[in-house]
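Predicted structure and sequence below. I'll ask about it afterward.
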Amino acid sequence: MEPDIGLALTCQLKRELAERFFGQRKLIEEDKAAFAGQVREHTLTLEQSLCTDLARLYILLRDEDLIQSFLAVVGLEQLVCYDPYFRESRQLQERLLRGFVLRGFTQRGRFRRLVFLSYDQLAKDVAAYREGLDNLAAQRELINEEIVQFYRQNDLGEILQFLRSLECGQLAGGLAVPGTCAPADELDRRLLLTPVVPLEEIFPVVPALPQLAAVRGRLSRLADAAFGRHRRVFAGI
């Protein structure tokens, strides 16, 4: 009887170990799923605000040399949300330029003000975008730390050895463990908790933009150059 009692106690301890393992793992997976949802929401923010602001400025500057000069002025190292189609779609241009209150005695002055207003909106949305990334980065760090602690507290090798000894993933007491009948490599892959990748691999890096007052002169020169080249296009402003 003593060996049976010892075996029962061992099985009970292993069962409790497995229950703790899968309980903690499930909580982390739920955190990762919630984080993925927030990443999707921030992607929509990028597309709906930041890309809209940039598209508006690309439309106003039009030529690639002026756009590249603009990127240099504001510290952007690469084109973000750029598509040559922006310059071709009259409907898109009208939609993106609608709603701005423009003042000025000349078309050139009104065009220049439109560039200033567009940049000011971009700077505000970039600030909100970066704040959102900071929040996501903090959550990512917490989740990855949870994963580190999880593996410090749980011996994955021992868990895997125990699960492979079970019959089709059933623990005593009815605790089901999906996938434990899978091959060893497949089971390892299913149970592995992978860290959340760096946000730089998901989102473009956009630095904080200078205040409008700091770049007004250079933006003014770019606006004048764009208006001089494409006066007919912007004649209705």
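In hand now; what should we look at?

Next, count neighbours for the residue nearest to Glu146 when sequence neighbours are not counted.
Nearest non-adjacent residue to Glu146, counting by Cβ to Cβ, 6 or more residues apart in numbering: Ile28, 5.3 Å away. In this view, the C-beta of every residue, glycine as well, is placed from N, C-alpha and C. As a burial measure, Ile28 scores 16 neighbours (other Cβ atoms under 10 Å).

Off-centre distance for the host helix or strand of Ile28?
Take DSSP states H and E as the rule and Ile28 turns out to sit in helix 2-45. Averaged C-alpha coordinates place helix 2-45 at 26 Å from its chain's average position (Cα atoms, centre = their mean, to the nearest Å).

Run through who's touching the helix or strand just after that helix.
Using DSSP H and E, the next helix or strand after helix 2-45 towards the C-terminus is helix 51-61. The contact list for helix 51-61 (Cβ atoms under 8 Å, 6 or more residues apart in numbering) reads 67, 70, 80-83, 86-87, 92-93, 96-97, 111, 114-115, 118-119, 121-122, 125, 222-223, 226, 234.

PyMOL command to pick out the buried ones of those residues?
Entered in PyMOL, the line below selects the buried ones among the contacts of helix 51-61, by 16 or more other Cβ atoms under 10 Å:
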select buried, resi 67+70+81+86+87+92+93+96+97+111+114+115+118+119+121+122+125+222+223+226+234
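
what residue ranges in the protein score low on pLDDT?
Along the chain, segments meeting pLDDT under 70 span 1-3, 6-11, 13-14, 99-102, 104, 160, 162-188, 235-237.

Hmm, Glu145 and the residue nearest to Glu146 touching each other?
No. If you go by Cβ atoms under 8 Å, Ile28 and Glu145 don't touch, sitting 10.5 Å apart.

Regarding this protein, what is its longest helix?
Ranked by residue count, the top helix of the chain under DSSP state H comes out as helix 107-153.

on contacts alone, who are the packing partners of it?
helix 2-45, helix 51-61, helix 212-229 (3 or more Cβ pairs under 8 Å, 6 or more residues apart in numbering; DSSP states H and E).

out of those helices, which comes closest to Gln153?
Shortest separation from Gln153 across the helices and strands packed on helix 107-153 is recorded for helix 2-45, at 7.5 Å, computed as Cβ to Cβ.

could you check the angle helix 51-61 makes with the closest one?
30 degrees (axes from the mean of the first three to the mean of the last three Cα atoms, to 10 degrees).

For His230, give me its contacts.
By Cβ under 8 Å, 6+ apart, the contact list for His230 reads Arg62.

What of Arg108?
Contacts of Arg108 were listed using Cβ under 8 Å, 6+ apart, and they are Asp224, Phe227.

if we can go back for a sec, export the helices and strands packed on helix 107-153 as TSV, with columns for distance to Pro198.
Putting the helices and strands packed on helix 107-153 into TSV (distance: least, Cβ to Cβ, whole Å) gives the following:
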stretch	distance to Pro198
helix 2-45	12
helix 51-61	22
helix 212-229	30
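
Quick one: neighbours of Leu54, just the number.
There are 24 residues near Leu54, going by other Cβ under 10 Å.

Gln38 versus that one, what's the distance?
In this view, Leu54 and Gln38 are 23 Å apart by Cβ to Cβ, to the nearest Å.

what do you get for Leu57?
28 Å.

Tell me which of the two has more neighbours.
Leu57 (24 against 14).

Could you pull out the buried residues of stretch 148-155?
Buried residues in stretch 148-155 (16+ other Cβ under 10 Å): Phe150, Asn154.
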